[in-house]
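Chemist: Kindly return the folded structure for what I paste below:
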Amino acid sequence: DRVMEILSQDNAILQDMPMMEGNLPTGNKTTVRATLPGPEVRRINKGVAPTKGTTKQVEDTAMILEARSQVDIELLALAPNPQAYRQAEDDAHVEGMAQYAAAALLYGTEDADGFKGFMDRYNSIGGVIGSAGHQVISAGTPSESAVNTSMLFVDFGDRRVTGIYPRGSQAGIKTKDLGENDALDANGNPFRAMTTLYNWKLGLAVHNVRSVARVCNINTGAFATMSAADATKLVDNIIVAKNRIWKPKAPVCYVSEAMYTFLEQYLTHKDNVHITRQEIMGAMPQLYFCGVPVKKLDCFKDTEAAVQ
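Modeler: Numbering: from 1, shown residues only. From the prediction side, this is the model:
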């Protein structure tokens with residue numbers, strides 16, 4: 001029988017994110033401008049004092065994901081196509097790693113995952129231009145029962161936002177066929193199995209804090225009864241966040257399923273001029289917000305806590 005992978009997820013952010021080799025054995029160190037040198041007005045017969053700006057360094061680490069697939073050799077012997085059966089089991093492990101990585105990109109913390117995800121970096125509202133808080137826009141009054149979600153605008157690219165892997169390693173999942181060996185059951189008893197080892201070193205580097213914008217405190221529980229005026233206000237806040245992206249080149253808007261449904265339903269709103277949909281031959285229609293492609297991520301939560 002063929003295994004139906006009903007637990008597979010749609011997490012396009014992994015395909016969209018360019019990868020960059022880090023400059024550290026554990027990840028990457030980025031130097032960013034902290035302050036600009038200040039000029040002076042020069043007057044005749046008077047000089048000006050030399051000035052200089054300052055920089056700061058941000059270090060991002062990569063996590064190490066590892067998994068093992070162990071398939072009992074007796075199961076393989078019973079399978080009509082042992083190679084296909086083993087491949088299906090291997091594919092399930094790769095999917096599990098991809099789902100973990102996608103969730104870590106959004107919600108990862110240094111303690112749990114080895115690197116900060118987008119939400120941990122953009123976790124407070126307000127601040128001056130150039131700060132993470134300036135890139136966070138509240139959609140309104142959040143739900144105190146934690147049925148909130150966010151939208152994320154990300155402008156991937158060099159000196160903007162990239163995925164990273166440690167210096168001297170490789171991007172993507174590395175697989176190694178360990179062949180037939182002893183595996184242990186739940187009671188510690190050995191049995192013979194075919195084993196595959198998977199290893200993935202992955203991190204996130206936000207080189208320019210203004211290449212990301214977050215709309216937080218979107219109360220998904222209010223969608224069903226949201227008035228036209230409140231829906232318009234939500235769209236207006238999304239526009240504010242979109243415009244916080246610095247010199248956008250190819251930004252993408254990532255949303256949860258509930259938020260994607262709201263935007264699609266807003267297509268028929270009488271005042272809608274911002275959300276469009278393009279028919280694509282041989283593919284599903286593509287949704288856009290002010291020209292920015294909107295993509296649904298299964299790893300996005302609709303249970304976020306309120307952001308202050």
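Chemist: Now do the end-to-end distance for stretch 292-305.
Modeler: Start-to-end span of stretch 292-305 (C-alpha to C-alpha, to the nearest Å) is 27 Å.
Chemist: List phi and psi for the closest residue to Asn11 other than its chain neighbours.
Modeler: Leaving aside its sequence neighbours, Asn11 sits nearest to Ala102 (C-beta to C-beta, 6 or more residues apart in numbering; 3.7 Å). (C-beta placed from N, C-alpha, C; glycine too.) Taking degrees, to the nearest 10, you get phi -60, psi -40 for the backbone angles of Ala102.
Chemist: for Ala102, what are its contacts?
Modeler: Neighbouring residues of Ala102 by C-beta atoms under 8 Å, 6 or more residues apart in numbering: Gln9, Asn11, Ile13, Leu14, Leu297, Asp298, Cys299.
Chemist: I'd like to know how many residues surround the fourth one.
Modeler: Pointing back at Leu14 there. A count of neighbours around Leu14, defined by other C-beta atoms under 10 Å, yields 16.
Chemist: can you pull the contacts of it?
Modeler: For Leu14, counting by C-beta under 8 Å, 6+ apart, the contacting residues are Ala98, Ala101, Ala102, Leu105.
Chemist: which among the contacts of Ala102 gets closest to Ile238?
Modeler: Sorting these by distance to Ile238 puts Leu297 at the head of the list, at 16.2 Å, by C-beta to C-beta.
Chemist: Make sure that closest one is actually in contact with Met17.
Modeler: No: using C-beta atoms under 8 Å, Leu297 is not in contact with Met17; the gap is 12.0 Å.
Chemist: These two: which is more packed in?
Modeler: Leu297 (23 against 20).
Chemist: gap between that one and Leu202?
Modeler: 16 Å (C-beta to C-beta, to the nearest Å).
Chemist: Next up, phi/psi of Glu59, please.
Modeler: Residue torsions, per degrees, to the nearest 10, at Glu59 are phi -110, psi 130.
Chemist: Show me the strands in the stretch 1-150 of the chain, by range?
Modeler: Taking DSSP state E, counting those that start in this stretch as the criterion, the stretch 1-150 of the chain contains strands spanning 19-21, 27-35, 54-61, 63-72, 136-138, 148-154.
Chemist: Now do whichever helix or strand comes after the last one against strand 54-61, angle only.
Modeler: This points to strand 148-154. Per DSSP states H and E, the first helix or strand lying C-terminal to strand 148-154 is strand 161-165. Angle, strand 161-165 to strand 54-61, by axes from the mean of the first three to the mean of the last three C-alpha atoms, to 10 degrees: 50 degrees.
Chemist: and the contacts of Leu14 as TSV, adding distance to Phe153?
Modeler: As requested, the contacts of Leu14 are exported to TSV (distance: C-beta to C-beta, whole Å):
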residue	distance to Phe153
Ala98	22
Ala101	20
Ala102	17
Leu105	14
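Chemist: if you look at these, which of them are in helices?
Modeler: Ala98, Ala101, Ala102, Leu105 (DSSP state H).
Chemist: most surrounded residue in these?
Modeler: Leu105 (27 neighbours).
Chemist: what's the spacing between that residue and Lys116?
Modeler: Leu105 is 10 Å from Lys116, by C-beta to C-beta.
Chemist: Pull up the overlap in contacts between the two.
Modeler: In contact with both Leu105 and Lys116: Leu204, using C-beta under 8 Å, 6+ apart.
Chemist: Relative to the whole chain's centre, how far out is stretch 128-146?
Modeler: From the chain centre to the centre of stretch 128-146 is a distance of 18 Å (C-alpha atoms, centre = their mean, to the nearest Å).
Chemist: Rounded mean pLDDT for stretch 141-155, please.
Modeler: Averaging pLDDT along stretch 141-155 gives 86.
Chemist: how would you label Leu202: helix, strand or coil?
Modeler: strand (DSSP: H, G, I helix; E, B strand; the rest coil).
Chemist: That one pairs with what?
Modeler: With DSSP bridges applied, Leu202 shows beta-bridge pairing to Met63.
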